[in-house]
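Colleague: next input, structure requested:
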Amino acid sequence: MSIEGLKIGFALTGSSCTFSKVFPIIKDLAKKGADIYPIMSHAADSFDTRFGTAEEWKNKLKEITGMELINTIIEAEPVGPKLKLDVLVVAPCTGNTAAKIANAITDTSVTMACKAQLRNQRPLVLALATNDGLGANAKNIGLLLNTKNIYFVPFGQDDAINKPNSLVSKFDKIEETIEAAILGKQFQPLLV
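Modeller: Got it, this is the predicted structure:
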């Protein structure tokens with residue numbers, strides 16, 4: 001399957017420690033001819049961290065995609081009825097965002113975009129980055145695994161000794177997961 005010409009929503013949430021792994025993926029998808037529509041949660045859009053300032057990340061997104069950033073609930077609502085994305089990717093998808101999607105809480109630009117994508121029965125790809133994936137958020141991930149049109153980038157424990165509940169996706173598998181999701185399939189193996 002070719003990525004060229006696909007309309008891909010790419011949403012970033014507050015796991016800024018993984019942005020350096022996600023941005024090369026966005027750049028590669030854009031280079032392959034996908035139209036990337038950038039979306040940022042409030043945390044990603046406004047928090048300066050030791051991994052970079054919000055302004056730096058926003059500028060990089062605009063430079064890579066050539067698109068205006070979607071960073072409010074109002075801007076994200078038309079993702080479903082008007083923009084009609086081929087796929088929406090949430091990478092990184094924090095435990096907080098996963099919990100909100102699992103429990104139908106729509107209080108950020110990212111969760112609104114996800115709701116808008118799912119109401120049109122279009123694929124939503126989640127790339128986890130959460131310190132409590134095998135703890136408090138395990139039940140939410142379980143719900144999402146069993147939800148129609150939601151697909152996961154393969155994930156596993158990133159530091160089983162020091163952070164035994166932490167799960168992180170293999171971000172280098174985002175493109176293959178997108179391709180499978182568009183065909184209505186979960187890319188395998190899911191657990192790595």
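
Colleague: and the gap between the residue nearest the centre of the chain and F10?
Modeller: Taking C-alpha atoms, centre = their mean, the centroid of the chain lies closest to V90, which sits 0.8 Å from it. According to C-beta to C-beta, to the nearest Å, V90 and F10 sit 8 Å apart. Just so you know, the C-beta spots here come from the backbone N, C-alpha and C atoms, and that holds for glycine as well.

Colleague: who's in contact with the residue nearest to the centre of the chain?
Modeller: 11-13, 97, 110, 114, 124-127 (C-beta atoms under 8 Å, 6 or more residues apart in numbering).

Colleague: list the buried residues of the strand or helix carrying it.
Modeller: Using DSSP states H and E, V90 sits in strand 87-93. Judged by neighbour count using 16 or more other C-beta atoms under 10 Å, the buried positions of strand 87-93 are 87-93.

Colleague: widest-spaced pair of those?
Modeller: V87 and P92 (16.5 Å; C-beta to C-beta).

Colleague: off-centre distance for the lowest-mean-pLDDT helix or strand in the chain?
Modeller: Taking mean pLDDT, DSSP states H and E as the measure, the chain has helix 42-46 as its least confident helix or strand, at a mean of 90. Centre-to-centre, helix 42-46 and its host chain are 14 Å apart (C-alpha atoms, centre = their mean, to the nearest Å).

Colleague: following that helix, which helix or strand shows up next?
Modeller: Following helix 42-46 in sequence order, the next helix or strand is helix 54-65 (DSSP H and E).

Colleague: re the thing from before, for the residue nearest to the centre of the chain, give its distance to C114.
Modeller: 7 Å.

Colleague: identify the contacts common to those two.
Modeller: 11, 124.

Colleague: quick one: the strands in this structure?
Modeller: In the chain, the strands defined using DSSP state E lie at 7-12, 35-40, 87-93, 124-130, 150-152, 155-157, 167-169.

Colleague: so which of those strands gets nearest P189?
Modeller: strand 155-157 (9.6 Å).

Colleague: wait, L143 sits on A104?
Modeller: No: using C-beta atoms under 8 Å, L143 is not in contact with A104, being 10.3 Å away.

Colleague: and these two? Which one has more around it.
Modeller: L143 (15 against 10; other C-beta atoms under 10 Å).

Colleague: now that one. Nearest residue, chain neighbours left out?
Modeller: A102 (4.3 Å; C-beta to C-beta, 6 or more residues apart in numbering).
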